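Curious how this folds, go ahead:
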Amino acid sequence: MQQNQPSERLVDLSHTIEAGLVTYKGLPAPIICDYLSREDSRQQYAAGTEFQIGKLELVGNTGTYIDCPFHRYADGKDISEIALASFAELEGIVVQAPFGESLAITPEHFKNKELKHRAVLVHTGWACHWNTEHYYEHHPYLTEEAARFLKDAGVKLVGIDSHNIDDTATNSRPVHSILLGSEILVVEHLCNLENLPEEGFYFNAIPPKIKGMGTFPVRAFAKVYS
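Got it, this is the predicted structure:
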């Protein structure tokens, strides 16, 4: 008798990167263009054969991206030095913190939850403002106390569907400092967190293996099982 196998589905948690997209005001938008167009490639290949080779210019803080310790600390690990297991198949948990209730996300949001060794994804709903003027200011953020709570809880990664995990109304960045200082990775600008259960999924956010960078876009997604 055949037993029922657990079902799985993948949920895309990343924004689309396109030419001209502004993720963070003050940083340049990506340039996406042809290095070799299909038309020009016809001169190099046999009749009926053509290729497109794309060219991309962007800063690391574009779209949905991951922060590693080197982003904040000169002696911190860069993307190439982080073990693949830190990016992939992390047991996840979604924590609800609706921006309509409060912009400041405090330790109270995380208490009485199983957080140790997990990717903690904070669902604020702010992704509804993506690519609009409203997205960049007065956004949800974690407090310094919340960052210390997550550090002490032994989490592996913290993600948020907001403009920044820190309060950008000031120039200090205590949440980045605390989490990255403890080699807890940070993912910003997530989306579609409303499509995840609170538990019962694995989180993935894998960047290219690049030396000398602490931040880079990822195709973040969750593997939901039941």
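
And for the residue nearest to the spatial centre of the chain, nearest residue in space, chain neighbours not counted?
Taking CA atoms, centre = their mean, the centroid of the chain lies closest to residue 187, which sits 3.1 Å from it. Spatial nearest neighbour of residue 187, chain neighbours left out: residue 159 (3.7 Å); criterion: CB to CB, 6 or more residues apart in numbering. Where you see a C-beta, it was placed from the backbone N, CA and C, and this is true even at glycine.

which regions of this structure sit below the pLDDT cut-off?
Along the chain, the parts satisfying pLDDT under 70 run over 1-6.

rewinding a little: quick one: residues contacting the residue nearest to the centre of the chain.
Counting by CB atoms under 8 Å, 6 or more residues apart in numbering, residue 187 makes contact with 64, 65, 66, 67, 157, 158, 159, 160, 205, 218, 220.

burial count for the first one?
Spelled out, it's residue 64. 25 (other CB atoms under 10 Å).

what does the second one give?
Counted with other CB under 10 Å, the burial measure for residue 65 works out to 26 neighbours.

Equivalent analysis for the last one, please.
For residue 220, the count of nearby residues is 27 (other CB under 10 Å).

Kindly report the same for the third one.
For residue 66, the neighbour count with other CB under 10 Å is 25.

so the closest residue to residue 78 other than its chain neighbours, which of the three states?
Distances taken as CB to CB, 6+ apart place residue 70 nearest to residue 78, at 4.0 Å, with adjacent residues excluded. At residue 70 the chain is in helix, as set by DSSP: H, G, I helix; E, B strand; the rest coil.

quick one: residue 70 from residue 212, how far?
According to CB to CB, to the nearest Å, residue 70 and residue 212 sit 8 Å apart.

Look at those two and report which has more neighbours.
Remark: of residue 70 and residue 212, residue 70 carries more neighbours, 21 against 8, as counted by other CB under 10 Å.

Please look at the more buried one and residue 60 and confirm they touch.
No: the pair residue 70 / residue 60 is not scored as a contact, 10.2 Å apart, by CB atoms under 8 Å.

now residue 182: how far from residue 188?
From residue 182 to residue 188 the distance is 17 Å (CB to CB).

which of these two has more neighbours?
Neighbours per residue (other CB under 10 Å) separate residue 182 from residue 188, with residue 188 holding more: 23 against 15.

what's the burial count for residue 209?
Residue 209, neighbours per other CB under 10 Å, totals 12.
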